[in-house]
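J.: Here is the input, now give the coordinates:
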Amino acid sequence: MSDLAPHELRILVAVEQEQGFTAAAARLGMTQSAVSHAVRSCERKLGAVLFDRGRHGARATDAGARAVTYARRILRLLEVMGPEVRGAGAGDAAGEVTGPLRIVAFRSVAAHLLPPVLARLTARHPGLTPQVRIVRELGRGAAGEVADGRADLGLATLDDSAPPPVPGLLAVRLFEESYALVHPQGHPAPRGLPLVDWDENCGSYTRDWWGRQDWIPPATIDVEDDSVAVSLVSQGLGMAIMPRTALLGAPDGLAVTGLGPRPPTRFVGYVTTPELAGTAPVRALIRELRALALPEGLERV
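T.: Next up is the predicted model:
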């Protein structure tokens, strides 16, 4: 088997993203026949069919999806190779940290905890350009984006069972946050209100606690976003059980009540790949994450 060249890796990524040879060719400034020839060459070298061709374009097979994941990660390493080599021996303080830094995070962390982190990071390293995407913590979530090569570091909810959410990643806890009962201010019996819930709530870290509570009714209103749930509660439409990060920047009209001496909690941390964990941009981001002053209700671990 001959090695794949970087330009072949870029073609595989483009075909998977565009879901077609013609669109990938337009994106890369190539002809459709050149893209098709390159994909066939990759398939011969790898010994597997990478794309299902049809009238509606090209869809990655299981083998193709795995190949594209490796292609993204290899291309990212090639991208950071030059700066890392040039900065070898200079040390983080003396070396210049430049280039893009791809970050994925769930909404509340991206909205309330990342901004001060990135402000300090870019003040120290003006040549660094963070790129932030919000990813819902469903399925493989932020960890899946990192594993698939679409992000350098993800801020994710981590189970209390220690292994990374996706095999092969490094997962490190940053803080633990408690859950609380959120309800309209002044309500005399908030536990009797209808429940407002959202899809990302009640993960494995709260499911056992949730199942032991006979006072929690089925959700009357189920939304896709925790910020919508907070807004609905502030308008008097019910109560919600939410993690503390979801309550940062909450509107007026809310009251927050504890859930007893042993409330449910969850861990939040970062995930990255072993190969990117040692790069200067990721190390610089991790240092700023560890230096973040945590709001009330969040405890560093």
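
J.: so where do the strands sit in the stretch 201-301 of the chain?
T.: 219-223, 240-243, 254-257, 265-272, 298-300 (DSSP state E, counting those that start in this stretch).

J.: Which secondary structure element of the chain has the lowest mean pLDDT?
T.: helix 91-94 (a mean of 49; mean pLDDT, DSSP states H and E).

J.: Same list, the strands of the stretch 201-301 of the chain, but as JSON lines with distance to Leu195, mean pLDDT and mean neighbour count please.
T.: (C-beta placed from N, C-alpha, C; glycine too.) Shown next, in JSON lines, are these (distance: least, Cβ to Cβ, whole Å; pLDDT from 0 to 100; neighbours: other Cβ atoms under 10 Å):
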{"stretch": "strand 219-223", "distance to Leu195": "5", "mean pLDDT": "90", "mean neighbour count": "15"}
{"stretch": "strand 240-243", "distance to Leu195": "7", "mean pLDDT": "94", "mean neighbour count": "25"}
{"stretch": "strand 254-257", "distance to Leu195": "14", "mean pLDDT": "93", "mean neighbour count": "15"}
{"stretch": "strand 265-272", "distance to Leu195": "19", "mean pLDDT": "94", "mean neighbour count": "22"}
{"stretch": "strand 298-300", "distance to Leu195": "24", "mean pLDDT": "94", "mean neighbour count": "14"}
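
J.: Save the ones you listed as JSON lines, and put in distance to Ala147 too.
T.: What follows is the strands of the stretch 201-301 of the chain, written out as JSON lines (distance: least, Cβ to Cβ, whole Å):
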{"stretch": "strand 219-223", "distance to Ala147": "28"}
{"stretch": "strand 240-243", "distance to Ala147": "24"}
{"stretch": "strand 254-257", "distance to Ala147": "35"}
{"stretch": "strand 265-272", "distance to Ala147": "8"}
{"stretch": "strand 298-300", "distance to Ala147": "26"}
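
J.: Enumerate every residue touching the residue nearest the centre of the chain.
T.: With distances taken as Cα atoms, centre = their mean, Ala142 lies nearest the centre of the chain, 2.4 Å away. If you count contacts by Cβ atoms under 8 Å, 6 or more residues apart in numbering, Ala142 has them with 104-106, 135, 151, 154-156, 271.

J.: try 6 Å
T.: Listed by Cβ atoms under 6 Å, 6 or more residues apart in numbering, the contact set of Ala142 reads 104, 135, 154, 156.
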